[in-house]
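> Sequence first, predicted coordinates after that:
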Number of protein chains: 6
Amino acid sequence: MRNNIVEVRVVSPIVTRGFRKASDLKALEYTGVTVSHTEIATGPGSIESEFEAAVSVPGTVAEVIRAEAEGVDAVIIDCMGDPGLRAAREVATIPVLGPCETGMHVAAMLGHRFSVLTVMRRLRASFENQAAVAGLASKLSSVRSVDIPVLELEADLDRTKEMLIREGIRAVEEDGAEALIFGCTGLMGCAASLRDGLLARGIDVPVVDPIPTAVSIAAALVRSNLSQSKYTFPLPPEKQLLGYDDIRLPRAIAAE
Amino acid sequence: MRNNIVEVRVVSPIVTRGFRKASDLKALEYTGVTVSHTEIATGPGSIESEFEAAVSVPGTVAEVIRAEAEGVDAVIIDCMGDPGLRAAREVATIPVLGPCETGMHVAAMLGHRFSVLTVMRRLRASFENQAAVAGLASKLSSVRSVDIPVLELEADLDRTKEMLIREGIRAVEEDGAEALIFGCTGLMGCAASLRDGLLARGIDVPVVDPIPTAVSIAAALVRSNLSQSKYTFPLPPEKQLLGYDDIRLPRAIAAE
Amino acid sequence: MRNNIVEVRVVSPIVTRGFRKASDLKALEYTGVTVSHTEIATGPGSIESEFEAAVSVPGTVAEVIRAEAEGVDAVIIDCMGDPGLRAAREVATIPVLGPCETGMHVAAMLGHRFSVLTVMRRLRASFENQAAVAGLASKLSSVRSVDIPVLELEADLDRTKEMLIREGIRAVEEDGAEALIFGCTGLMGCAASLRDGLLARGIDVPVVDPIPTAVSIAAALVRSNLSQSKYTFPLPPEKQLLGYDDIRLPRAIAAE
Amino acid sequence: MRNNIVEVRVVSPIVTRGFRKASDLKALEYTGVTVSHTEIATGPGSIESEFEAAVSVPGTVAEVIRAEAEGVDAVIIDCMGDPGLRAAREVATIPVLGPCETGMHVAAMLGHRFSVLTVMRRLRASFENQAAVAGLASKLSSVRSVDIPVLELEADLDRTKEMLIREGIRAVEEDGAEALIFGCTGLMGCAASLRDGLLARGIDVPVVDPIPTAVSIAAALVRSNLSQSKYTFPLPPEKQLLGYDDIRLPRAIAAE
Amino acid sequence: MRNNIVEVRVVSPIVTRGFRKASDLKALEYTGVTVSHTEIATGPGSIESEFEAAVSVPGTVAEVIRAEAEGVDAVIIDCMGDPGLRAAREVATIPVLGPCETGMHVAAMLGHRFSVLTVMRRLRASFENQAAVAGLASKLSSVRSVDIPVLELEADLDRTKEMLIREGIRAVEEDGAEALIFGCTGLMGCAASLRDGLLARGIDVPVVDPIPTAVSIAAALVRSNLSQSKYTFPLPPEKQLLGYDDIRLPRAIAAE
Amino acid sequence: MRNNIVEVRVVSPIVTRGFRKASDLKALEYTGVTVSHTEIATGPGSIESEFEAAVSVPGTVAEVIRAEAEGVDAVIIDCMGDPGLRAAREVATIPVLGPCETGMHVAAMLGHRFSVLTVMRRLRASFENQAAVAGLASKLSSVRSVDIPVLELEADLDRTKEMLIREGIRAVEEDGAEALIFGCTGLMGCAASLRDGLLARGIDVPVVDPIPTAVSIAAALVRSNLSQSKYTFPLPPEKQLLGYDDIRLPRAIAAE
């Protein structure tokens, strides 16, 4: 921590510049917390499949290594697929957080069971798998989608918000959700309007906006001197690696 | 929030004055976060059984209502049994956190699976039940105890720390834990020595000290505008209540 | 057992006198089994929230201690939240049964999966949590409610019964229930009319009426010389307790 | 019920006459409950494998049909493999109980988690499967065996009891059991000595003796007017059946 | 293996001759694999209940023993209840496969979650129990039925296929299935038409036809030198067996 | 299929040439099945961490696309981390199998519960996560390691085999395994010696050698006309992709 200020680095694992707006991230800062940002150099324009998540990982790992080298205090991977989360935790000692894992734990704490509202139906299996790995399968009520691709979410923002409200109501009334979480970080900023829409129907449930939540939780971990277990995520052994010259592992701390 | 400072109230659900030291709580404050404290007026001297947890609840609920009335931003119940957590969430709109639920979610995020190190063997079932309710049963490796009553933990602090290291090593090597969490808030402050003891054996796992962790997570939730779901925890209906004159429910916001 | 007759004490954890009718309890007696009854001295008028359940516990524990002192053979806590079940088991050596835990195990034995029909929607999380603690989460099909407060169930008993049939049919046809259990002991006596209503639709499932069932199961445990594990529920240690002068723990049998 | 007396029929699914002693069953009777008994006409000498359990089923089903025809009130299948339990429930309207399913539910109610003490190691998978089907997998701590065949249990009864104590202690101290249940009905009558042996070591856990427990639970179900769900276990359709002339299905009540 | 050809024996556990057509089994053969067939001598005309499954087991076990004695390489039990699977595995060293267990594992591998399409609603509990025993409960989306008895499936084959498509669509769109499996081996041969019907609606999910799939998986196990664990399924001990003269256990290999 | 012969392509997701020997793969062929092989162009020398698994994925996906373009019938990813399995399934219509997922399902079918014997302790969490995603968590007894890096397994093959036997015995006797599976495809060929070592101790459990098993299961799926669900794994949408010129998605078949 420099000057007793926690710096949280948001790494957007896509190559589309400007998708994540600086002003939106600035708005997440508060007393004692600053937010910095970067995108990746190689990878997909957006992430809506397992394939795109996979090709975003090498670039993401490179950015996580760079963030720690620059003295950043914690890193958040800016995609609800948490691409590269486990690989990145191996190459860093600072906390690396995925908004999906983080948001699911927070939602489970706040509201008994939660549903994920995402962009495309094809992501359902991925969210169910992530919940299973997090140990939270019994807390996931359902995965619902608005059926709008990531890069088009803002094209008709009113429709996006309207769809979120419609699916959010269904998640509560039909699926048994008692909290909601966005299933795409591209929906950042829509929590207030979704919550208002639900309240208008008499439904008072928390809406977890994963990136803002992950920023504050990351800062909390830093303040508590906590980071991922190096027993679970030891540094990888040194060995041959072809074709990823941009990735340079940190000097070998005693690996297991 | 007053002056952009988050005030977290720690409610110790026991009647033993001075067990929780002001200086220890002061040490948990950081930029943007203050910590206040209170004990309860009626209840047990310490909590080591389901019975004692139960009789601590009415007093705890009274303190949570008072905290919100005083403008506090979040409340933490200072016992790993999380006594009264669900009742308190019904009577408050500010976040109410239990260190057990909170710490278990944090430990699960940091280290694949975790063990609880507690004071008495008789608490094992309670921790397994709490993990089941939190949806985290698959993440709980084991519950181990040092076999020292709460109020005697500090009598021979070196022995307490030594026992924690012994049981912590067993939790990792025999039970498969990859993170540890204290199973009694009376162990607050022992995390560094436990972690050192484990590192001396080459075991690099995070140690979650539940109260400090809950303070920072509570502040994170306040900064993210999140609180417990009122759909899960609506205000109780108004009705007859005999023998608890110290409890006055907040004015009826529309209950379900 | 006196004169080879099992006495089962039903403790209604509310302060509303007359809600539980003596004649209704009398009807539960059979050869070799008598039923006695008491309410609590301090606590809520009825129980429809976690808060009300919590404030019913100290009075309930006091009654359980008294029951054992009076030579009663087993105790049933007369509320489907099983308030104070675990605390009461610590302070007694005679079997203490919760109608929820008992009824869920019986329903699981009789019909593959079961649904709970309760009074208010807000109780759903509580029933799911109780099923999780009982290890029966996979057997709970759904929790459905008739949306009538406890103390109004008898105001329009025909409507109550009609609603039970409607929700019971949905539980079977939509949720996959193959047995039903009441989620409020205030519904005692409605099992026959619910079963008739279901049979009229060709649905032949058992309806577990929790208090009558718990009475007969309690007597069965007494006849089998079984009671709760004192390894799980040892007597609480002796210590300071402020504000609960009506609770006097039984003489210390060797606690763990 | 005849003369307000519940008759429970114990069906021993083996062809070895005299293995189950009349006096032992007589001892299970109490006010309002009588116990009758039969063995099967075709099948194995004892049951220690899935094969033997399977060939005991047709004879068992025949006995269950006969019991109901004779006016018996409830049937218990006298083997911890619960052979033919589901088939028998289809052909009867009176309650049919398996001692394994019944005992596991009772043990789970009494003691948080339980272990099964059985005769041969090869039965472990069977008990784990039965727990899974009962929905109680999370309550089963372990299955331990004394390694003595069923028909030799009484040859050296002292050794049998000694082995039970040894494995029971291990179940509690190493596996986390807080209640015990016999995994063979041939161990009937050994509960008191096992419990004494455990108490001598300071371990106070209930020991569920499955047949006595099933008798009292069966009587409780009869007193509560409960039986297995005919929605789950409808009468089989009438159709060709070769080679089982001793089985005559009851007249077709409306099958599903 | 004779001449490097795997012989898979399909044992139909029913006494209805001609139900399983030789030409249909012939069509399952391919390079390196032949299929032989037999029915059982005693048992039911078809299997639609737990009772009928039970009485098919002794005859099935006899056929499995005979198959191994004849030099067959693997056996498939031709019923989705997998009747006698575990007993048969004890008496054989060659692989014995149940189409339900096998098909569920294959479906889980191919499509995240699967539904079973079966003949009668009453079989639902049985499939859920089989999934629980296989460890695949979390992969089973639903069990749906076409409500046509086994022996009438071919009476109006068009209606059967139409009903399969209707229930298959519901399984995907309402229950969350991403693969389908037939819940009755009498539906063999309907996979192509079901898949076409689903594709016509834009649903591209695999349809597992259990017997053809089990044949190819059985051959795969033989080629990999794999068979059931004799630690799990040891040969039954030799002992008295009344009434099953057609069953002669293979000579005692060292049983456990 | 060309000439009615199934071609299975084994893709080794490492850049170390010659680690996988052609003769060893040749030995896996049998009547009707040929095996071809390739390594990847970019990625790690071996895989012993989440990081190395991640950087092997882009190259693996490229090889899977190439395999289908070349007319191959099925692909196996030659690493027990199943790296890129889900991404590869999106870009292919032929079956893509991971040896871990496949082997775990086969082991679960054969032996009630199984343990994984792997190279390094750090892989334990990964195997537990893979079991959770496969729905097989309840079937995984333990993960044990021989503590020898992948590229050194053959340096002292006798010691490797000896360590496998030691850990295999422990898995059965201490952890409850009833089948074993290698947790590294570098152990291919060691199954016979492990099985002999276990038999010498009287332990008769199947040993699943994942690559041979996956080859035969892949061929079985091809013979059954089965492949992964395109509902679960639809083709990724076309979009910008920087830095992976070697990956060219197949022409857009109608994606979801």
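Sure thing, it's come through.
> and the residue of the stretch 151-256 of chain A nearest chain C?
With Cβ to the nearest Cβ as the measure, A:Glu178 is the residue of the stretch 151-256 of chain A nearest to chain C, at 6.9 Å. Placement of C-beta: from N, CA and C, glycine included.
> Same question for chain A.
Closest point on chain A to chain C, by Cβ to the nearest Cβ, is A:His112, at 4.3 Å.
> Surely that residue is in contact with A:Glu178?
Yes: A:His112 lies in contact with A:Glu178 (Cβ atoms under 8 Å); the separation is 4.5 Å.
> Give the residues shared as contacts by these two.
Taking Cβ atoms under 8 Å, 6 or more residues apart in numbering or on different chains as the criterion, A:His112 and A:Glu178 both touch B:Ser229, B:Thr232, C:Ala125.
> residue boundaries of the strands in the stretch 1-150 of chain A?
Ranges of strands in the stretch 1-150 of chain A, per DSSP state E, counting those that start in this stretch, are A:6-12, A:33-39, A:43-44, A:74-77, A:96-97, A:114-118, A:140-145.
> helices and strands around the third one, which ones?
In this structure, strand A:43-44 packs against helix A:50-55, helix A:57-69, strand F:241-242, with contacts taken as 3 or more Cβ pairs under 8 Å, 6 or more residues apart in numbering or on different chains; DSSP states H and E.
> quick check: mean pLDDT across it?
Average pLDDT, strand A:43-44: 98.
> Mind listing the strands that strand pairs with, and their directions?
Partners of strand A:43-44 in the sheet, by DSSP bridges, are strand F:241-242 (antiparallel).
> Identify all contacting residues around the partner strand.
A:Val15, A:Ala41, A:Thr42, A:Gly43, A:Pro44, A:Gly45, A:Glu52, A:Val55, F:Ile247.
> May I see the helices and strands packed on strand A:43-44 organised as JSON lines, with distance to B:Arg166, mean neighbour count and mean pLDDT added?
Output for the helices and strands packed on strand A:43-44, formatted as JSON lines (distance: least, Cβ to Cβ, whole Å; neighbours: other Cβ atoms under 10 Å in any protein chain shown; pLDDT from 0 to 100):
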{"stretch": "helix A:50-55", "distance to B:Arg166": "43", "mean neighbour count": "27", "mean pLDDT": "98"}
{"stretch": "helix A:57-69", "distance to B:Arg166": "33", "mean neighbour count": "24", "mean pLDDT": "98"}
{"stretch": "strand F:241-242", "distance to B:Arg166": "53", "mean neighbour count": "18", "mean pLDDT": "96"}
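> before we move on, back to that, from the shared contacts of A:His112 and A:Glu178, which land in helices?
C:Ala125 (DSSP state H).
> So which of the shared contacts of A:His112 and A:Glu178 is the closest to chain A?
Nearest member of the shared contacts of A:His112 and A:Glu178 to chain A, counting by Cβ to the nearest Cβ, is B:Ser229, at 3.4 Å.
> Is the closest one in contact with A:His112, as I believe?
Yes: judged on Cβ under 8 Å, B:Ser229 makes contact with A:His112 at a distance of 6.9 Å.
> Overlap of the contact sets of these two?
A:Glu178, A:Ala179.
> May I ask you to confirm that A:Ile217 belongs to a helix?
Yes: looking at A:Ile217 with DSSP: H, G, I helix; E, B strand; the rest coil, it is inside a helix.
> And for it, the neighbour number?
Using other Cβ atoms under 10 Å in any protein chain shown, A:Ile217 has 30 neighbouring residues.
> got a pLDDT number for it?
Reported pLDDT for A:Ile217: 98.
> how about the residue nearest to A:Ser126 when sequence neighbours are not counted, phi and psi?
Setting aside the residues directly before and after it, A:Ser126 is nearest to A:Gly81 in space (Cβ to Cβ, 6 or more residues apart in numbering or on different chains), at 6.1 Å. According to degrees, to the nearest 10, the main-chain angles of A:Gly81 amount to phi -80, psi 0.
> can you list contacts of the biggest helix by length in chain A?
Counting by DSSP H, the longest helix found in chain A is helix A:157-173. Contact partners of helix A:157-173, identified using Cβ under 8 Å, 6+ apart, comprise A:115, A:117, A:141-142, A:144-148, A:153-154, A:177-178, A:180, A:187, A:190, A:193-194, A:197-198, A:201, A:203, A:205, A:207, B:231.
> Let's see that with 6 Å instead.
A:115, A:117, A:142, A:144, A:146, A:148, A:153, A:177, A:180, A:190, A:193-194, A:197-198, A:201, A:203 (Cβ atoms under 6 Å, 6 or more residues apart in numbering or on different chains).
> Do I have it right that A:Ala125 meets E:Gly111?
No: look at A:Ala125 against E:Gly111 with Cβ atoms under 6 Å: they stay out of range, at 8.8 Å.
> Which one's more surrounded, those two?
E:Gly111 (29 against 22).
> from memory that one sits against E:Ala179, does it?
Yes: with contact defined as Cβ under 6 Å, E:Gly111 counts as touching E:Ala179 (2.9 Å).
> nearest spatial neighbour of the most centrally placed residue in chain A, skipping sequence neighbours?
Of all residues in chain A, the one closest to the mean position by Cα atoms, centre = their mean is A:Pro99, 2.4 Å from it. Once flanking residues are discounted, A:Pro99 sits nearest to A:Pro210: 3.4 Å by Cβ to Cβ, 6+ apart.
> quick one: contacts for that neighbour?
A:Pro99, A:Gly103, A:Phe182, A:Thr185.
> change it to 7 Å
A:Met80, A:Pro99, A:Cys100, A:Thr102, A:Gly103, A:Ile181, A:Phe182, A:Thr185 (Cβ atoms under 7 Å, 6 or more residues apart in numbering or on different chains).
> of all of chain A, which residue lies closest to chain D?
A:Ser138 (11.3 Å).
> what about the helix or strand A:Arg195 falls within and chain B, any contact?
If you go by DSSP states H and E, A:Arg195 is part of helix A:191-199. No: for helix A:191-199, no contact with chain B is found by Cβ under 7 Å from any Cβ of the partner chain; the gap never falls below 8.2 Å.
> ok, then the element right after that helix?
Following helix A:191-199 in sequence order, the next helix or strand is strand A:207-208 (DSSP H and E).
> Report all helices and strands that that following strand contacts.
helix A:99-111, strand A:179-182, helix A:191-199 (3 or more Cβ pairs under 7 Å, 6 or more residues apart in numbering or on different chains; DSSP states H and E).
> Sheet partners, orientation included, of it?
Partners of strand A:207-208, by DSSP bridges, with direction: strand A:179-182 (parallel).
> ok, and for the strand it pairs with, which residues are buried?
A:Ala179, A:Leu180, A:Ile181, A:Phe182 (16 or more other Cβ atoms under 10 Å in any protein chain shown).
> With pLDDT as added columns, please give these in a markdown table.
Converted to a markdown table, these look like this (pLDDT from 0 to 100):
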| residue | pLDDT |
| --- | --- |
| A:Ala179 | 98 |
| A:Leu180 | 98 |
| A:Ile181 | 98 |
| A:Phe182 | 98 |
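> Out of the residues you listed, which is nearest to E:Thr93?
A:Ile181 (51.8 Å; Cβ to Cβ).
> do you know how far A:Pro58 is from B:Asn3?
45 Å (Cβ to Cβ, to the nearest Å).
> One more: A:Leu221?
25 Å.
> Same check on A:Ile47?
Counting by Cβ to Cβ, the gap from A:Ile47 to B:Asn3 is 40 Å.
> Thanks again, I'm all set now.
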